[in-house]
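In: A predicted structure for the sequence below; I have some questions about it.
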Amino acid sequence: QVQLVESGGGLVQAGGSLRLSCAASGRTFNMYAMGWFRQGPGKEREFVADISWNDGSTYYVDSVKGRFTISRDSAKNTVYLQMNTLKAEDTAVYYCAARFSSNWYRGYDYWGQGTQVTVSS
């Protein structure tokens, strides 16, 4: 089992910044990558970003490219999501997830509880 705990959400004005953190614990050995998803009010959950644990390769949904940065601290088993130039449409519950497969299409194996991000316009 792997436990994921997010932190760093909150209320911020449009144009502002927030940094989310997600600490992984448990059987993290051989974890391939971690990612961030979000679910806005009345919307389906959507992929935001992903980072490979081994080489740090990153992937982003188009709507956050240039504004969000995903990074990791392997020693701390922690992944971060730096969010800049936030917009009202970024308002959502943000979830951290971990996958053990190198195939992104096979999905993620573990999920955190989520942290609320609210951007006021």
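Out: Now that the structure is in, tell me what you want to look at.

In: use CA for all of it now, contacts and neighbours both
Out: Fine.

In: so which helix or strand takes in the residue nearest to the spatial centre of the chain?
Out: Per C-alpha atoms, centre = their mean, the C-alpha nearest to the average position across the chain is that of Trp36, at 2.3 Å. For Trp36, the element it lies in under DSSP states H and E is strand 33-39.

In: partners of that strand in the sheet?
Out: Here strand 33-39 has these sheet partners by DSSP bridges: strand 46-52 (antiparallel), strand 92-99 (antiparallel).

In: and the helix or strand that comes right after the first one, which residues are buried?
Out: When you say that, I think you mean strand 46-52. Downstream of strand 46-52, the next assigned helix or strand under DSSP H and E is strand 58-60. Neighbour-count burial for strand 58-60, counted by 16 or more other C-alpha atoms under 10 Å, picks out 58-60.

In: Can you tell me which of these is nearest Arg45?
Out: For these, the minimum distance to Arg45 (C-alpha to C-alpha) is 14.6 Å, reached by Tyr60.
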